[in-house]
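Student: coords below, sequence missing:
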């Protein structure tokens, strides 16, 4: 069943600036440069962004726009060259690597295109892995609850290889939910799925936001997938180039086309 929140008015607008309360993700002046000198690549060119708790945000942009770098910096998987990142009110920019590892295990959830399940573990063991890695008690009752939420209550003892791709992604979502994270980061979570299965997976993420109060940040190239989000933000040349609230696939595709057009590129260069 497709679960959606209350629709809001569709408007073109810039992403929220930092400084409001109840925020799950805050980026302030975030830049990421790879290399030095003439060969330097400026993947992010100064990103200011604030995402409230309990929201579903999709991030889109042309190839090379900085989507993956944005997600990695926002999730503490990569360190920005400059700027500040806060997750759930916690400043993570200056954290040591062991502190970041602990934060990712206990307060963040991740869903990837490739599922990233361990084939030697059962479904239940994969779901409980973040707790195990964080040194927490493995709560089998909690695992049963989240597996029931994603429709896999009867698959706890199976191995990933015995499941379909859609079922494996459901396991990944259950694993992301197990610790009650501040934020779930999803990187192309439907990229390997057919349209029907993709809708089921997106419905689960939508349900996690609407019913559990989760915060989801999803990078996607698919305008249809992006319609499940409360807001779609567009990246171009390492900076945000506006957003849409509850855009249709057609409207989102139009905005993407404008970002990749020669006219759009020249306008950004002149700004």
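Tutor: That came in fine, so what should we check first? Quantities reported herein were computed from a predicted structural model and do not represent experimental measurements.
Student: and residue 141, how many neighbours?
Tutor: Number of residues near residue 141 (other CB atoms under 10 Å) recorded here: 6. For glycine as for every other residue, the C-beta is placed from the backbone atoms N, C-alpha and C.
Student: What helix or strand is it located in?
Tutor: helix 140-149 (DSSP states H and E).
Student: starting at the chain centroid, how far to that helix?
Tutor: Centre-to-centre, helix 140-149 and its host chain are 22 Å apart (CA atoms, centre = their mean, to the nearest Å).
Student: So, low pLDDT: which residues of the stretch 151-271 of the chain?
Tutor: Counting by pLDDT under 70, the stretch 151-271 of the chain has low-confidence residues at 261-271.
Student: After the lengthiest helix in the chain, which helix or strand is next? Please name it.
Tutor: Assignment by DSSP state H gives helix 195-212 as the longest helix of the chain. Next along the chain after helix 195-212, taking DSSP H and E as the criterion, comes strand 216-219.
Student: picking that back up, now for the longest helix of the chain, which elements pack on it?
Tutor: Other helices and strands packing on helix 195-212, by 3 or more CB pairs under 8 Å, 6 or more residues apart in numbering; DSSP states H and E, are strand 56-60, helix 165-177, strand 183-187, strand 216-219, helix 223-226.
Student: Which residues does the fourth one contact?
Tutor: For strand 216-219, contacts defined as CB atoms under 8 Å, 6 or more residues apart in numbering pick out 25, 51, 55-60, 67-68, 70-71, 74, 183-189, 205, 208-209, 225-226, 229.
Student: got it, and the first one?
Tutor: Around strand 56-60, the neighbours that count as contacts under CB under 8 Å, 6+ apart are 5, 51, 67, 70-71, 205-206, 209, 215-221, 223, 225-226, 228-235, 252, 256.
Student: And for the third one?
Tutor: Outside of strand 183-187, the residues that reach it under the criterion CB under 8 Å, 6+ apart are 24-25, 68, 71, 74-75, 87-88, 107-113, 176-177, 205, 208, 214-219.
Student: Okay, now the sheet partners of it, with direction.
Tutor: When sheet partners are counted by DSSP bridges, strand 183-187 sits next to strand 108-112 (parallel), strand 216-219 (parallel).
Student: unless I'm mixing things up, residue 93 is touching residue 85, no?
Tutor: Yes. Contact criterion CB atoms under 8 Å: residue 93 and residue 85 qualify, at 5.2 Å.
Student: neighbour-wise, which of these two wins?
Tutor: Using other CB under 10 Å as the criterion, residue 93 and residue 85 rank with residue 85 on top: 23 against 17.
Student: so what does the helix or strand hosting that one touch, helix or strand wise?
Tutor: Following DSSP H and E, one finds residue 85 within strand 82-87. Where contact means 3+ CB pairs under 8 Å, 6+ apart, strand 82-87 is packed against strand 23-34, helix 67-74.
Student: Enumerate the positions of that strand that are buried.
Tutor: 83, 84, 85, 86, 87 (16 or more other CB atoms under 10 Å).
Student: pretty sure the last one contacts residue 24?
Tutor: Okay, so that is residue 87. Yes. Assessed by CB under 8 Å, residue 87 is found in contact with residue 24 at 7.1 Å.
Student: Common neighbours of the two, please.
Tutor: With CB under 8 Å, 6+ apart, residue 87 and residue 24 have common neighbours 182, 183.
Student: Show me the shaky parts of the stretch 1-150 of the chain.
Tutor: 1-21.
Student: quick one on the thing from earlier: contact partners of the longest helix of the chain?
Tutor: 1-5, 54-56, 111, 149-150, 164-166, 169-170, 173, 177, 184, 186, 189-190, 193, 214-216, 218, 222, 224-225, 228, 230.
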